[in-house]
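Q: quick one, structure for this:
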Amino acid sequence: MEPEQPQSRAEREVVDLVSRLIQFDTSNTGELATTKGEAECARWVQAQLEEVGYETEYLESGAPGRGNVFARLKGAEAGRGALLIHGHLDVVPAEPADWSVHPFSGAVQDGYVWGRGAVDMKDMVGMTLAVARQFKAEGVVPPRDLVFAFLADEEAGGTYGSHWLAEHRPDLFDGVTEAVGEVGGFSMTVPDKEGGTQRLYLISTAEKGLYWMRLTAKGQAGHGSFLNGDNAVTILSEAVAKLGRHVFPLVITDTVAQFLRTVSEVTGLDLDPDAPDLEGRIAKLGDFSRSLNATLRDTANPTMLKAGYKANVIPQAAEAVVDCRILPGRRAAFEKEVDAIIGPDVERSAVTDLGAYETAYEGALVDAMNAALVAHDPDARPTPYMLSGGTDAKAFDKLGIRCFGYAPLKLPPDLNFAALFHGVDERVPTDSLIFGTRVLTDFLLRS
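A: Model prediction:
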């Protein structure tokens with residue numbers, strides 16, 4: 001039996017860093033008036049970087065308190081494009097009464113770090129910070145320049161974060177050609193065709209477009225006791241119900257096709273894209289199937305309704321918000337389909353509109369990601385996949401930066417990882433953080 005590998009400086013401190021990050025309440029409500037902002041947490045990150053000798057830049061992105069921190073570590077090959085390693089400091093709100101521990105306690109117990117942001121995404125922020133500190137403290141010179149970015153406002157689409165920075169401070173990304181961030185590099189254990197199991201490591205090379213759409217219907221206001229054939233609430237409700245129940249066509253992108261081939265090869269399941277019951281077959285993969293099935297077609301989920309102000313008054317207008325996620329290359333067809341469903345009496349407008357993204361699963365950076373995973377988990381099977389949600393990659397794509405989701409975690413096979421994102425009792429295994437820090441260190445030295 002080989003002796004256990006001694007822990008590096010980064011591996012020794014990563015759990016504490018993640019716990020401390022969670023203790024900063026950086027809840028993002030999506031409204032400036034009620035969002036605390038990331039400033040206090042960002043200043044703490046800045047102090048951790050400066051403690052080991054980094055020159056940093058702290059700046060606020062379009063609104064007070066929306067703090068961001070940047071640091072650059074020079075690499076050996078000055079002529080190569082730099083690599084951006086980015087993570088967001090904000091989190092979605094959490095209701096303490098629903099949790100087993102306080103969501104901003106950062107509790108370390110039962111082999112996990114608990115709290116809001118543990119997987120989205122203060123785990124990756126902590127791993128990045130730990131590795132950045134180790135490299136600077138130990139005088140490590142990576143192959144290429146590394147730009148470490150700790151960002152605001154991702155959970156509300158990045159208007160006061162990555163998108164503001166890309167538009168107003170593109171100089172911060174000078175020379176950057178590639179980037180890694182959330183949600184990828186984590187393991188998913190599936191049964192293999194020999195009767196055992198296989199760990200797939202999902203590397204995000206694509207993500208759906210994000211289109212938060214407002215639907216508005218206008219009608220004739222009046223007394224609630226009168227007949228009214230032009231009721232805005234009725235018009236809107238019918239359109240929202242039709243849209244919410246609509247099933248968009250199955251479309252297999254290159255990324256999803258590659259993922260299905262990998263899973264078919266490993267598990268022996270026939271995930272032929274042309275199979276009439278493809279989604280039923282995917283359901284056999286368990287908890288992850290909901291996320292995977294969401295990458296096979298566009299989705300439009302109604303999330304908010306607003307109408308009326310008194311029980312006996314028919315209002316003149318009614319509004320709904322629909323969370324739409326659109327596959328790469330499907331935008332025009334999606335809009336045409338939506339307009340046909342909601343009809344001419346309902347107007348639509350954008351609340352947030354961020355495009356889809358897809359890149360090829362090939363090249364030296366992909367080779368480095370794969371090699372680092374296999375080096376520390378010989379049973380790893382890396383594979384590309386599409387993220388059904390969205391990340392700050394959408395902003396960096398506008399700068400011509402090639403983006404990947406790569407926050408490596410070796411997870412317990414029975415952990416429903418997808419359910420932890422924005423979920424109650426969000427937590428990350430401490431062993432996974434140590435593994436991820438080791439892989440991230442290796443990857444950055446290969447990149």
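Q: only C-alpha atoms from now on, for both contacts and neighbour counts.
A: Will do.
Q: quick check: Lys218 vs Asn68, distance?
A: Between Lys218 and Asn68 the computed distance is 42 Å (CA to CA, to the nearest Å).
Q: Pro302 reaches Ala320, doesn't it?
A: Yes. If you go by CA atoms under 8 Å, Pro302 and Ala320 touch, sitting 7.2 Å apart.
Q: quick one on the thing from earlier: so Lys218 and Asn68 - more neighbours on which side?
A: Neighbours per residue, other CA atoms under 10 Å: of Lys218 and Asn68, the larger number sits with Asn68, 27 against 19.
Q: that one and Asp153 touch, don't they?
A: No. Judged on CA under 8 Å, Asn68 makes no contact with Asp153 at a distance of 9.6 Å.
Q: extract the CA atoms of stretch 174-182 and return them as CSV.
A: Taking C-alpha atoms only, stretch 174-182 is exported to CSV below (Å, rounded to 0.1, in the frame of the first residue of the first chain):
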residue,chain,number,x,y,z
ASP,A,174,-5.9,41.9,-21.0
GLY,A,175,-4.2,38.9,-22.6
VAL,A,176,-6.7,36.4,-21.3
THR,A,177,-7.7,33.8,-23.9
GLU,A,178,-9.2,31.0,-21.7
ALA,A,179,-11.1,30.7,-18.5
VAL,A,180,-12.4,28.2,-15.9
GLY,A,181,-15.2,28.7,-13.4
GLU,A,182,-18.3,27.0,-12.1
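Q: contacts for it?
A: Defining contact as CA atoms under 8 Å, 6 or more residues apart in numbering, one finds that stretch 174-182 is touched by 81-87, 120-121, 124, 147, 391, 393, 400-407.
Q: which among those end up buried?
A: 82-87, 120-121, 124, 147, 391, 393, 401-407 (16 or more other CA atoms under 10 Å).
Q: show me these that map onto strands.
A: Under the assignment DSSP state E, these contribute 82-87, 147, 402-405 to strands.
Q: what segments of the stretch 1-150 of the chain are helices?
A: Secondary structure of the stretch 1-150 of the chain (DSSP state H, counting those that start in this stretch): helices at 9-22, 39-51, 122-137.
Q: would you reformat those as JSON lines and include distance to Glu337 and mean pLDDT?
A: Formatted as JSON lines, the helices of the stretch 1-150 of the chain follow (distance: least, CA to CA, whole Å; pLDDT from 0 to 100):
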{"stretch": "helix 9-22", "distance to Glu337": "42", "mean pLDDT": "98"}
{"stretch": "helix 39-51", "distance to Glu337": "42", "mean pLDDT": "98"}
{"stretch": "helix 122-137", "distance to Glu337": "38", "mean pLDDT": "98"}
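Q: tabulate the ones you listed (JSON lines), appending distance to Pro378.
A: Converted to JSON lines, the helices of the stretch 1-150 of the chain look like this (distance: least, CA to CA, whole Å):
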{"stretch": "helix 9-22", "distance to Pro378": "20"}
{"stretch": "helix 39-51", "distance to Pro378": "33"}
{"stretch": "helix 122-137", "distance to Pro378": "21"}
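Q: that'll do, ta.
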